[in-house]
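K.L.:
no sequence on this one, just coordinates:
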C-alpha cells in the first residue's frame, strides 16, 4: 500500500497562520514607529522655527541704548514664554550673557515640548549679537 499526501495538515496550516500573524504584527509596529518619527521630526522643525524667530526678534534692535519707541541692544535680556502650535505646547527660554572686549551678547534659546509618549524633547540654538550701532553696521564690512 502506497501512502500519498494530499492537502495540508492542521499543524502546517497553524504554522503558516502564525508566520503571517507575526509578519502583520511586525508591519503594524513598524508603521507605528514611522508615524512617531515623522511626528517627532515635524515637532522639531516647529521648535527650530520658534527658536529662530525669537533669535531674529532679539537681533532686530534699532539703537544701542534704551530709547522710547525703539528696540535697543540694551533691551536684549533673558526671558521665557509658552507657545501652542499644531496642538503642542512649546516652552521657550532664552538666556542672554553679556561679553566684553569686544562688546557682544551670547543668546542661548532653548525650546522644549512633551511628545505623545510623554517624553520631553529639547532643542537649543546659540548665537552672538554684536553691540554695534545698527546705523554703522554696514560700514564695518
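P.N.:
All right, it came through fine. Because the structure is a prediction, the values reported are computed rather than measured.
K.L.:
quick one: low-confidence parts of the protein?
P.N.:
Applying pLDDT under 70 to the chain picks out residues 1-7, 138-141.
K.L.:
select the longest helix from it.
P.N.:
The longest helix of the chain (DSSP state H) is helix 10-59.
K.L.:
which residue is nearest the middle of the protein?
P.N.:
Centroid check for the chain by CA atoms, centre = their mean gives residue 44 as the closest residue, at 2.2 Å.
K.L.:
isn't that one up against residue 123?
P.N.:
Yes. Using CB atoms under 8 Å, residue 44 is in contact with residue 123, at 6.2 Å. For the C-beta atoms, the positions are set from N, CA and C on the backbone; glycine is no exception.
K.L.:
which SS class is the closest residue to residue 75 other than its chain neighbours?
P.N.:
In this structure, residue 75 finds its nearest non-sequential neighbour in residue 66, 6.0 Å apart by CB to CB, 6 or more residues apart in numbering. On the three-state scheme (DSSP: H, G, I helix; E, B strand; the rest coil), residue 66 is labelled coil.
K.L.:
and what of residue 76?
P.N.:
Going by three-state DSSP: residue 76 is coil.
K.L.:
and it, how many residues sit next to it?
P.N.:
19 (other CB atoms under 10 Å).
K.L.:
do the same with residue 112
P.N.:
Other residues near residue 112 number 16, with proximity taken as other CB under 10 Å.
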